[in-house]
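# Okay, here's the prediction I keep looking at, along with the sequence it came from:
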Amino acid sequence: MRFLRQFALIVLLGMVVVVGVWAQQPASSQQPTSLGDYARKIREAKKPDAKVTSTDASELFAALDMILDFASRDSGYAKRDAVKRKLMNHDDLEKKFAEWSKRFEVDGRIQNSELVLKKFGLLPQDYDLNAFLHKNPTQGVAGMYDDEDKTMYLMDWVSVDQQKPVMAHELTHALQDQNYNLAKFMPRTVESQRRAAKFLVDSIDNGERNAVRRAIVEGQATLVQIDYMLGDLVKDRPITPSEHDALMRSVETRLQVYDTLADLHDAPRVIKDAQRFPYREGLAFEMEVTRKSDRRSAFAGVFARPPQTTYEVLEPDAYLSGKKSPVVTIPDLQPVLKGEWEPYDSGTMGEFDAYIMARDFGMDNDIYSVAQRWDGGSYVVAKRAAAGKGENAAKLRTSDLALLYLSRWRTPEAARRFMLIYKNALLKRLNVTDESVLVSKCRDEEPCNGAISGERMMTDEGPVFLELWPRNTVLITQSFDDDTVAKLRPLVLTPAPGTKATAKHELSMSLYECGGFVALQQKLHQAIMTSLADSLKQ
């Protein structure tokens with residue numbers, strides 16, 4: 001049913017929670033107040049079960065058109081049609097989510113993402129991703145726009161003052177939809193089965209592309225909402241570059257508040273960072289494009305030429321200059337793996353993935369000296385042919401998987417440091433029974449056709465090889481035996497001429513293909529906007 005498909009999409013990209021109080025009423029006599037007052041009102045807001053009366057509803061519906069006008073002026077997006085409005089209760093919202101979860105959960109995608117992330121060490125072995133994604137999915141939702149019926153849904157348990165800034169965010173989505181058709185801009189497609197069809201990284205995948213486009217959509221809406229909340233404080237003038245820099249420094253510091261949220265406090269970093277990506281990184285991208293180009297470029301311009309990868313979002317200068325994300329090719333491994341192994345997953349381990357791993361298993365400076373020196377990376381995960389068949393399909397374990405990961409770095413130091421970070425991740429989840437250093441005659445300053453350095457570890461999931469090769473290339477394999485690795489090396493390190501790779505499935509971004517993942521982002525969004533209100537008052 002198209003309605004459910006479109007509803008699921010908009011829930012994924014549009015859910016917002018209690019974020020503030022009305023900071024601007026153009027047609028009223030309300031006196032300007034500071035954002036410190038706004039922050040206090042956020043903390044003292046009515047409980048979520050507060051009911052909206054018929055009088056409140058009339059006020060909300062009347063305010064919607066004024067807020068839509070504001071969003072249109074602020075974003076530059078034309079109003080092309082009316083936006084319907086409707087109150088929704090808890091039961092209605094829960095029914096919608098139940099329908100969406102049942103119909104649009106990609107079969108096997110949660111297990112697939114969970115196992116691959118565990119194989120890389122980004123999720124603990126005993127972590128239950130499915131349980132995390134399906135707890136309290138509707139809690140905290142304060143408003144959403146549905147592009148199927150072009151309706152702004154407001155929640156009858158959220159106070160009037162709290163819903164007005166929510167509308168500034170959600171009505172920006174309505175304007176985006178009217179001008180660019182969000183369903184086509186971010187289509188939901190089943191990619192996991194097609195990705196697993198081959199032993200190579202050569203399929204065009206929508207996972208990372210849609211996550212990056214969601215960062216655009218949410219970043220723009222959050223920027224409009226900030227402008228709305230600023231309201232009287234800045235007298236509708238543009239934020240200056242110095243104010244932008246001060247704001248982003250404050251946001252970077254204060255957004256650590258997401259670690260204090262009950263549902264996210266104990267979640268692994270990959271989940272917390274992937275959940276905040278559309279809001280923090282999306283907002284930072286939009287503000288940087290605005291500062292270095294202009295407002296139109298940050299709104300209509302990015303819809304006309306959207307970034308394709310997290311690399312372009314994390315490095316707006318690369319996006320603005322037209323520099324594409326580096327691509328590392330992995331050719332077809334079928335000649336070596338056929339028979340004993342079957343394809344399971346493949347994709348890229350992008351700059352954002354390197355950032356997460358550096359923060360989780362490295363030191364503070366590694367996000368700059370390592371993650372920002374990333375120059376491309378791809379992986380292939382294989383499954384033992386005999387594993388996960390029939391009744392045992394749901395009992396697949398990381399020991400049934402093997403992976404090959406090939407990456408490049410801009411400096412030898414970054415490549416070596418990443419190898420150590422990756423080793424630290426492995427040591428936290430695997431039992432190592434033996435270690436040996438690979439001997440090589442190669443040196444950095446000399447021409448070299450072999451490995452510069454490396455080591456082999458024997459673990460409870462089989463051998464692990466971590467090797468540094470010329471051109472700052474790092475080759476990592478897990479669970480393939482020594483003979484198989486010896487056959488894989490020449491295949492991946494010297495691919496045949498004409499081999500191409502166009503994969504856009506980034507490791508952490510695979511979480512966006514799991515039903516319920518983005519549905520839980522409203523909790524983080526609440527923390528983000530509360531933190532912004534606190535920082536803007538200073």
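Structure's in. What do you need?
# where are the low-confidence patches of the stretch 201-350 of the chain?
201-207, 232-241, 243-264 (pLDDT under 70).
# So which residues of it form helices?
206-230, 241-254, 269-276, 282-292, 295-296, 302-304, 310-314, 316-321, 334-337 (DSSP state H, counting those that start in this stretch).
# Can you add distance to residue 363 and mean neighbour count and give those helices back as a markdown table?
Glycine gets a C-beta too; all of them are placed from N, C-alpha and C. Output for the helices of the stretch 201-350 of the chain, formatted as a markdown table (distance: least, Cβ to Cβ, whole Å; neighbours: other Cβ atoms under 10 Å):
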| stretch | distance to residue 363 | mean neighbour count |
| --- | --- | --- |
| helix 206-230 | 27 | 25 |
| helix 241-254 | 18 | 14 |
| helix 269-276 | 14 | 21 |
| helix 282-292 | 23 | 21 |
| helix 295-296 | 38 | 14 |
| helix 302-304 | 34 | 16 |
| helix 310-314 | 19 | 25 |
| helix 316-321 | 25 | 16 |
| helix 334-337 | 36 | 17 |
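# would you list the ones you listed in a markdown table and tack on distance to residue 433?
Formatted as a markdown table, those follow (distance: least, Cβ to Cβ, whole Å):
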| stretch | distance to residue 433 |
| --- | --- |
| helix 206-230 | 36 |
| helix 241-254 | 42 |
| helix 269-276 | 27 |
| helix 282-292 | 44 |
| helix 295-296 | 59 |
| helix 302-304 | 51 |
| helix 310-314 | 36 |
| helix 316-321 | 43 |
| helix 334-337 | 25 |
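# Residue 154 belongs to a strand, doesn't it?
Yes: assignment of residue 154 by DSSP: H, G, I helix; E, B strand; the rest coil places it within a strand.
# Could you pull up the contacting residues of it?
The contact partners of residue 154, by Cβ atoms under 8 Å, 6 or more residues apart in numbering, come to 52, 57, 60, 85, 86, 87, 88, 143, 163, 166, 167.
# Give me the buried positions along stretch 336-346.
Across stretch 336-346, burial judged by 16 or more other Cβ atoms under 10 Å covers 336, 337, 341, 342, 343, 344, 345, 346.
# closest to residue 420 out of the helices of the stretch 201-350 of the chain?
helix 269-276 (18.0 Å; Cβ to Cβ).
# Now do that closest one against helix 282-292, angle only.
Put simply, helix 269-276 runs at 50 degrees to helix 282-292, going by axes from the mean of the first three to the mean of the last three Cα atoms, to 10 degrees.
# Any chance of the buried residues of stretch 336-346 in CSV with distance to residue 369 as columns?
Listed next are the buried residues of stretch 336-346 as CSV, based on distance: Cβ to Cβ, whole Å:
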residue, distance to residue 369
336, 35
337, 35
341, 36
342, 38
343, 35
344, 32
345, 29
346, 28
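# now for those, which pair is the farthest apart?
Maximum pairwise distance in the buried residues of stretch 336-346, criterion Cβ to Cβ, is 17.4 Å, between 336 and 345.
# Relative to residue 174, which of the helices of the stretch 201-350 of the chain is closest?
helix 206-230 (9.9 Å).
# what about the strands in the stretch 251-400 of the chain?
Counting by DSSP state E, counting those that start in this stretch, one finds strands in the stretch 251-400 of the chain at the ranges 341-348, 374-384.
# Would you mind splitting the chain into its domains for me?
With domains defined by automatic domain parsing, the chain comprises 2-318+510-536, 334-501.
# Out of those, name the one with the poorest average pLDDT.
Mean pLDDT is lowest for domain 2-318+510-536 out of the domains of the chain, coming in at a mean of 71.
# Nearest residue to residue 423 in space, please, no chain neighbours.
In this structure, residue 423 finds its nearest non-sequential neighbour in residue 466, 6.1 Å apart by Cβ to Cβ, 6 or more residues apart in numbering.
# any idea whether the one you found is helix, strand or coil?
On the basis of three-state DSSP, residue 466 is classed as strand.
# residues contacting it?
When contacts are counted by Cβ under 8 Å, 6+ apart, residue 466 touches 419, 422, 423, 454, 455, 457, 474, 476.
# The same query, at a cut-off of 7 Å, please.
419, 422, 423, 454, 455, 476 (Cβ atoms under 7 Å, 6 or more residues apart in numbering).
# And it, how close does it get to residue 73?
Between residue 466 and residue 73 the distance is 54 Å, computed by Cβ to Cβ, to the nearest Å.
# now do residue 277
Distance from residue 277 to residue 73, by Cβ to Cβ: 28 Å.
# Kindly report the same for residue 431.
Counting by Cβ to Cβ - residue 431 and residue 73 are separated by 61 Å.
# Looking at these two, which is more packed in?
residue 73 (13 against 9; other Cβ atoms under 10 Å).
# so what's the more buried one up against?
For residue 73, the contact set (Cβ under 7 Å, 6+ apart) is empty.
# Let's verify it: helix, strand, or coil?
Going by three-state DSSP: residue 73 is helix.
# Then residue 463?
strand.
# which residues pair with it across the strands?
residue 458 (DSSP bridges).
# Double-check it against residue 476; I have them as touching.
No: using Cβ atoms under 7 Å, residue 463 makes no contact with residue 476, being 11.4 Å away.
# Of these two, which one has the most company?
residue 476 (23 against 18).
# Figure out the helix or strand that that one lives in.
strand 473-478 (DSSP states H and E).
# ditto for residue 424
Per DSSP H and E: helix 412-427 holds residue 424.
# elements contacting that helix?
For helix 412-427, the packing partners by 3 or more Cβ pairs under 7 Å, 6 or more residues apart in numbering; DSSP states H and E come out as helix 351-361, helix 366-369, strand 462-469, strand 473-478.
# Let me know which of the ones you listed is the nearest to residue 156.
Short answer: helix 351-361, nearest of these by Cβ to Cβ, at 37.7 Å.
# tell me what the closest one is packed against?
For helix 351-361, the packing partners by 3+ Cβ pairs under 7 Å, 6+ apart are helix 269-276, helix 310-314, helix 366-369, helix 412-427.
# Could you list the alpha-carbon positions for the shortest one in CSV?
Spelled out, it's helix 366-369. Taking Å, rounded to 0.1, in the frame of the first residue of the first chain, the C-alpha atoms of helix 366-369 are listed here in CSV:
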residue,chain,number,x,y,z
ASP,A,366,42.7,9.9,16.4
ILE,A,367,39.5,11.5,14.9
TYR,A,368,41.8,14.1,13.3
SER,A,369,45.0,12.2,12.7
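# If we go by neighbour counts, what in that helix is buried?
When burial is assessed from 16+ other Cβ under 10 Å, helix 366-369 yields the following buried residues: 366, 367, 369.
# which of those lies closest to residue 404?
residue 366 (23.4 Å).
# Contact partners for the closest one?
Per Cβ under 7 Å, 6+ apart, neighbours of residue 366: 358, 417, 421.
# As TSV, the residues you listed with neighbour count and distance to residue 149 would be great.
Compiled in TSV, the contacts of residue 366 are given as follows (neighbours: other Cβ atoms under 10 Å; distance: Cβ to Cβ, whole Å):
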residue	neighbour count	distance to residue 149
358	24	44
417	20	52
421	21	48
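# ok, so of the residues you listed, who is nearest residue 385?
The closest of these, once distances to residue 385 are taken by Cβ to Cβ, is residue 421, at 32.0 Å.
# Touching, the closest one and residue 359? I think so.
No: at 9.8 Å, residue 421 does not count as touching residue 359 under the criterion of Cβ under 7 Å.
# count of residues packed around the nearest residue to residue 269 once chain neighbours are set aside?
Leaving aside its sequence neighbours, residue 269 sits nearest to residue 360 (Cβ to Cβ, 6+ apart; 4.7 Å). Neighbour count for residue 360, taken as other Cβ under 10 Å: 18.
# any idea how far residue 360 is from residue 117?
For residue 360 relative to residue 117 (Cβ to Cβ), the value is 12 Å.
# Ok, residue 402 next?
Taking Cβ to Cβ, one finds residue 402 at 15 Å from residue 117.
# Next SSE downstream of the one helix or strand residue 62 maps to?
Here residue 62, judged by DSSP H and E, is contained in helix 54-75. Remark: after helix 54-75, the chain's next helix or strand is strand 84-88, criterion DSSP H and E.
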